[in-house]
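> Output the structure for:
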Amino acid sequence: MRIRKRFTALFVASLFAVSASAFADEPLTLTIGTQDAAWPLIVEASHVLDGAPYKVKWAVLTGPAAQLSALYSKVLDVGLMGDTSLIIEQGNARAPWTPETAPLQIIAGWRNPDSGYPPIVTVVRKDADVRNLADLRGKTWGYNFGGFNYLQYVLSYNKADLKPKDFQGVKFGDGNVSASAFNAGQVAVYSGGYGPVKESVDKGDARVVIKSDELDIPALSVFTARTEVLRDPAKSRALGDFLGRLKNSWTWWAQNVPAVEKIYLEKMKQSPARAKFSAENGRSVFYPLDKALVAREQRIADTLYRSGDIKNKITVDIEFNPVFDAQAVAAR
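Now for the predicted structure:
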């Protein structure tokens, strides 16, 4: 297994569930990665982890690269990233992944089912004079590596029939930094989450040129677990229970949007408009890791291989493990 040496922890927050008597002496702990510091607070407010027979420790790390580093370093049991992160990871791996040797597996995926809240977009600044995708030639383009932000960037320029030499790609550490550069006018184009650039769009300073749904990107946020964690019977049982409880937190979220908005406003210090958007945008449901999803992901992997954006031709089904679908997706 390849060990990533760089790992920067920006913030770590812990949320402890009440331990059952069976774990009273030494309760099992799940260390769960997230990229949104508000999420542990929202889960806590939903009380879905009350009475869980294990502890949950949340590690807030920005960007998929930091999540992957923490997984390889065994700091995390489960990391949060986009559904295509492992395509890029496997596609550039030194040794082929097999069902026996794959170090990581996606165990759950979710997104907002409302198409009015596009997960990922490519946007351009008004002063860039871009009327269509072909006009992206020669522009400065902000992106961050890994996950579906990067895929949005790659498939956007593929759709425009461009190559990286045809524009000036500017790589940032994570999507929020890339969005900040775009909002400040430092780059003309941005590919990533809609939320961080929505105010620029609303003010008329920018506009969306293509959405992830138009590029057939599933754009699921996913939990990626270390394979050795899944092979640990106790941790595997705890993960199944955790995902079932998390499914109930999505239900709570949808029924308590004002309470969630208040967390973003007061705890995350977002503007009222941004907090309202974050609360509505974050409403999600789990989606099955089924054959239909795997087929879509395989088409993406094949496209990235043909374009030279991954080195190896890969089979993606070993990345998706639906073992917890019964707990996460059932009766959604």
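> which stretches of the stretch 1-150 of the chain have low pLDDT?
1-25, 146 (pLDDT under 70).
> could you measure S249 against E266, distance?
As judged by CB to CB, to the nearest Å, S249 and E266 stand 19 Å apart. The way it works is simple: take the backbone N, C-alpha and C, and place the C-beta from them, glycine included.
> V60 touches I32, doesn't it?
No: V60 is beyond contact range of I32, at 10.0 Å (criterion: CB atoms under 8 Å).
> which one of those two has more residues nearby?
Shown here are V60 and I32; by other CB atoms under 10 Å, I32 has more neighbours (23 against 19).
> Find the helix or strand that that one is a member of.
Here I32 is covered by strand 29-34, with elements defined by DSSP states H and E.
> Could you name the helices and strands sitting against that strand?
Applying 3 or more CB pairs under 8 Å, 6 or more residues apart in numbering; DSSP states H and E, one finds that strand 29-34 contacts strand 55-60, helix 64-72, strand 78-82, helix 233-255.
> and for that strand, what are the contacting residues?
The contact list for strand 29-34 (CB atoms under 8 Å, 6 or more residues apart in numbering) reads 40, 54-61, 67, 70-71, 75-80, 223, 235, 238-239, 242.
> Quick check on the residues you listed: which are buried?
40, 54-61, 67, 70-71, 75-80, 223, 235, 238-239, 242 (16 or more other CB atoms under 10 Å).
> quick revisit: check which element follows the strand holding I32 along the chain.
Remark: after strand 29-34, the chain's next helix or strand is helix 38-46, criterion DSSP H and E.
> where do the helices sit along the stretch 51-200 of the chain?
Under the criterion DSSP state H, counting those that start in this stretch, helices of the stretch 51-200 of the chain are mapped to 64-72, 85-91, 147-159, 175-183, 198-202.
> Send over the fourth one as PDB, restricted to the C-alpha atoms.
Coordinates of the C-alpha atoms in helix 175-183 are reproduced here as PDB (Å, rounded to 0.1, in the frame of the first residue of the first chain):
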ATOM      1  CA  GLY A 175     -12.100  24.000  -3.700                       C
ATOM      2  CA  ASN A 176     -12.700  26.900  -1.300                       C
ATOM      3  CA  VAL A 177      -9.300  28.400  -2.000                       C
ATOM      4  CA  SER A 178      -9.900  28.100  -5.800                       C
ATOM      5  CA  ALA A 179     -13.300  29.700  -5.300                       C
ATOM      6  CA  SER A 180     -11.800  32.600  -3.400                       C
ATOM      7  CA  ALA A 181      -9.400  33.300  -6.200                       C
ATOM      8  CA  PHE A 182     -12.200  33.200  -8.700                       C
ATOM      9  CA  ASN A 183     -14.400  35.600  -6.600                       C
END
